[in-house]
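Participant: Attaching a predicted model along with its sequence, questions to come.
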Amino acid sequence: MKNLLFTAVISTFVCLSVSYAQQPNVPGPQNEHRWLKQFTGQWTSKSKTVASDEVPSTQCAGSMNSHMLGQFFVINDLEGEMDGVRIQAIQTIGYDTSKKKYVGTWVDSAMNYLWHYEGEVDASGKKLVLIAEGPNFMAKGQMAKFRDSYEFQSPDTIVATSEMMDNDGTWVTFMTGELTRSKP
């Protein structure tokens with residue numbers, strides 16, 4: 001029995017070693033991946049919708065808990081309340097070295113749509129701008145382009161802006177907010 005167990009262990013070790021040896025070298029995290037680490041921690045948020053002629057501004061308070069998934073992705077777990085409705089969301093952000101773009105997803109408890117982001121950090125190195133296509137909340141059944149921006153004004157303050165592209169190609173801000181780090 002000991003010989004059988006010993007043979008099984010050695011066989012498994014040899015198979016795994018050969019398998020790892022045949023895999024191409026996977027590059028480690030790049031500077032773009034390391035940039036995402038500044039999201040990690042616990043944050044409080046205050047945001048508001050931008051008022052229009054038809055709809056008044058609405059306040060939202062919430063939180064974001066962020067952690068790295070390995071060295072390549074940040075997971076942002078968000079909770080908030082707007083007009084008495086509790087909303088939960090999960091956002092993933094990583095960097096795709098083949099596309100040379102930041103990529104990510106967003107899902108939340110308010111809709112059944114999986115958002116897919118692509119974007120980049122601006123020239124200042126402080127602002128991540130992500131573009132997605134999603135349901136147009138101004139025209140039922142249609143899709144629109146959206147732009148979410150996260151600007152690190154300090155290590156403990158993020159200004160977030162959400163915009164939607166209107167029919168003439170102009171970005172229209174519909175929500176702004178500020179996140180303050182409450183715990184690293």
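Facilitator: Nice, thanks for sending it over.

Participant: give me the low-pLDDT residue ranges for this structure?
Facilitator: 1-24 (pLDDT under 70).

Participant: what are the bridge partners for Thr105, then?
Facilitator: Counting by DSSP bridges, Thr105 forms beta bridges with Thr92, His116.

Participant: Could you report the neighbour count for it?
Facilitator: Using other Cβ atoms under 10 Å, Thr105 has 15 neighbouring residues. Just so you know, the C-beta spots here come from the backbone N, C-alpha and C atoms, and that holds for glycine as well.

Participant: do the one 5 residues further on as well
Facilitator: Around Ala110 there are 12 other residues, counting by other Cβ under 10 Å.

Participant: Okay, and it sits in which element?
Facilitator: Per DSSP states H and E, Ala110 falls between elements, in no helix or strand.

Participant: List the neighbours of the helix or strand Glu81 falls within that are in contact with it.
Facilitator: Element membership for Glu81, per DSSP H and E: strand 73-82. When contacts are defined by Cβ atoms under 8 Å, 6 or more residues apart in numbering, strand 73-82 is touched by residues 36-37, 39-40, 45, 47, 58-69, 86-94, 108.

Participant: next one: stretch 37-50
Facilitator: By Cβ under 8 Å, 6+ apart, the residues outside stretch 37-50 that reach it are 55, 57-68, 74, 76, 78, 80, 93, 150, 152, 155, 158, 160, 173-184.
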